[in-house]
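**Student:** test case, fold it:
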Amino acid sequence: MGYALYVQHVLHIEPCPLCIFQRIAIIAIGIMFLVAALHDPGKLGARVYGALIGLAAVAGAGVAARHIYIQHLPADQVPACGAPLEQLLQVLPMRQVIEKVLRGDGECAKIDWTFVGLSMPEWVLIVVLTLGIAGLWVNLREPRRQP
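**Tutor:** Presented below is the predicted three-dimensional model:
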């Protein structure tokens, strides 16, 4: 998230609506890791945290995969740019905003940034899957017995 904010505020590359949804997933995963670590739950609680982290990771991976799909569409198949997210939130119910954002638009097809040949949503996909697997592994494995 820190680097995403750097890209937005220092490099002046504004996030598209799908980027915002990916940020929400990353923040949700981070909050669940933090709460689970502070809570130090028992076996059932750890499984609940593992499931919540896994669910947030799957949601984030789904949004990132959709974004990657839109970025790789041929130019003639890219959806037209839509209204900004702020405007959608003001005029539409949340369910319609989510549906509209997940369909994507031309703004989401633009690749402004790459690192070692991968775009930001491709990196987000790697990160959310890695965090999801780590969250599941840490919370669902049998704890080591202390001597």
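
**Student:** which stretches of this protein form strands?
**Tutor:** 114-115, 118-119 (DSSP state E).

**Student:** output the ones you listed as JSON lines; include the columns distance to residue 102 and mean pLDDT.
**Tutor:** Where you see a C-beta, it was placed from the backbone N, CA and C, and this is true even at glycine. Converted to JSON lines, these look like this (distance: least, C-beta to C-beta, whole Å; pLDDT from 0 to 100):
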{"stretch": "strand 114-115", "distance to residue 102": "23", "mean pLDDT": "91"}
{"stretch": "strand 118-119", "distance to residue 102": "18", "mean pLDDT": "94"}
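
**Student:** for residue 134, find the nearest of the ones you listed.
**Tutor:** Nearest to residue 134 among those is strand 118-119; the distance by C-beta to C-beta comes to 19.9 Å.

**Student:** and for the closest one, what are the contacting residues?
**Tutor:** Strand 118-119 has contacts (C-beta atoms under 8 Å, 6 or more residues apart in numbering) with 68, 71, 111, 113, 126.

**Student:** run the chain-centre distance for it.
**Tutor:** 15 Å (C-alpha atoms, centre = their mean, to the nearest Å).

**Student:** ok, that strand: who's next to it in the sheet?
**Tutor:** Here strand 118-119 has these sheet partners by DSSP bridges: strand 114-115 (antiparallel).

**Student:** tally of neighbours for the closest residue to residue 140 other than its chain neighbours?
**Tutor:** Nearest residue to residue 140, sequence neighbours excluded (C-beta to C-beta, 6 or more residues apart in numbering): residue 50, at 4.7 Å. Using other C-beta atoms under 10 Å, residue 50 has 21 other residues around it.
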